[in-house]
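**Q** heads up, no residue letters with this:
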């Protein structure tokens, strides 16, 4: 378990935005992972994707690390932000824009606005 925790810590320390997901950002393996990766990709966010399906220890380890039962899980500047429902809500409310802006994470504001327009 400590191996998974150290891998997780390394990922969230060396990358500003990390998505622990099922599959990859190019090929998500579940709908929830696809939704969050899709939002980040559409908004032009540079993020690291970690495929938990490739490592069972990591798949359980990320749940234990965050004390959050589901995947995907988004981390920004080392802090756990949430899973699919939370990221969806934050995107639609504009909170995700604010989080990225406050943490110096580049994103396409026009793309974020288009997501809100399409879902408003």
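**A** Right, received. Where do you want to start? This one's a predicted model, so the numbers in the text were calculated from it and none came from an experiment.
**Q** For the rest of this, base every contact and every neighbour count on C-alpha atoms.
**A** Will do.
**Q** tell me the SS of the spatially most central residue of the chain?
**A** Centroid check for the chain by CA atoms, centre = their mean gives residue 74 as the closest residue, at 2.8 Å. Taking DSSP: H, G, I helix; E, B strand; the rest coil as the rule, one finds residue 74 in the strand state.
**Q** May I have the beta-bridge partners of it?
**A** The residues listed as beta-bridge partners of residue 74 by DSSP bridges are residue 19, residue 82.
**Q** Can you tell me how far it is from residue 85?
**A** According to CA to CA, to the nearest Å, residue 74 and residue 85 sit 11 Å apart.
**Q** go on, residue 107?
**A** 20 Å.
**Q** Looking at those two, which one has more neighbours?
**A** Neighbours of residue 107 and residue 85, each counted by other CA atoms under 10 Å, are more numerous for residue 107; the result is 18 against 13.
**Q** check contacts around that one.
**A** If a contact means CA atoms under 8 Å, 6 or more residues apart in numbering, then residue 107 has 43, 44, 45, 97, 100 as its contacts.
**Q** for residue 91, same thing?
**A** Going by CA under 8 Å, 6+ apart, residue 91 touches 97, 112, 115, 116.
**Q** which residue sits closest to the last one in space, ignoring its chain neighbours?
**A** Take residue 116 and drop its neighbours on the chain: the residue closest to it by CA to CA, 6 or more residues apart in numbering is residue 92, 5.3 Å away.
**Q** In this structure the one you found contacts residue 111, no?
**A** No - with contact defined as CA atoms under 8 Å, residue 92 does not reach residue 111; the gap is 11.8 Å.
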